[in-house]
Structure formats: structure tokens, C-alpha cells
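Enquirer: Coordinates for the following, if possible.
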Amino acid sequence: MRILEEQVVFQQDVSEEARIRALVSETPLADREAREAADDLRRLVRSRDDALARVAELRDEQDSLLERMLDEVREST
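Expert: Take a look at the predicted model:
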């Protein structure tokens, strides 16, 4: 998760710099680079969000399994 977060932060900087270059230079190439950087950022954010959601699901599943185990231990004593 830390690596994904670092990548998102880095790509935010890249995207912002590309956006500023596009505004200043007003060239098609700079515009395309800004769009590509923004697209890359969106993909990274989506990957991070998907990973966070999966971790939350796994934690819920773990909690459920631990509860079941605890219930079984209580029943057997």
C-alpha cells in the first residue's frame, strides 16, 4: 500500500507539472503529455482504491473467520 501511495503522490506531481507546461506552451504535444499524465494518475488512483477495497474485504473475512473459530472454541469447552 505504501508503494502504491508513493506512486500516486509521484504521479500527482508529474501530472501537475505536465498540466502547467501545457498551459504555458499551448502546444498539441504538451496537451497530449498532460492528458497522458492525468490518465496515468487516474489509473494509479483506481489501482490504489481497488487495493484498499480488497484489503478491507480481506480484513472483514479474517474477522469473520476469527469469530467462527472463537465460537467453535467456546462451544467445545
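Enquirer: Report the secondary structure element holding the residue most central in space within the chain.
Expert: Taking C-alpha atoms, centre = their mean as the criterion, R48 is the residue nearest the geometric centre of the chain, at 1.3 Å. According to DSSP states H and E, R48 maps onto helix 28-76.
Enquirer: What's the mean pLDDT across that helix?
Expert: The predicted model gives helix 28-76 an average pLDDT of 96.
Enquirer: and what of stretch 14-22?
Expert: Per-residue scores along stretch 14-22 average to 97.
Enquirer: Just give the number of residues close to R19.
Expert: 17 (other C-beta atoms under 10 Å). Any C-beta I mention is one placed from the backbone N, CA and C, and that applies to glycine too.
Enquirer: again, but for L44
Expert: 19.
Enquirer: hang on, it packs against E5?
Expert: No: applying C-beta atoms under 8 Å as the test, L44 and E5 come out as separate, 9.6 Å apart.
Enquirer: circling back: can you name the residues that contact the closest residue to the residue nearest to the centre of the chain other than its chain neighbours?
Expert: Nearest residue to R48 in three dimensions, chain neighbours excluded: L4, at 4.4 Å (C-beta to C-beta, 6 or more residues apart in numbering). Residues in contact with L4 (C-beta atoms under 8 Å, 6 or more residues apart in numbering) are 44, 47-48, 51.
Enquirer: No further questions, thank you.
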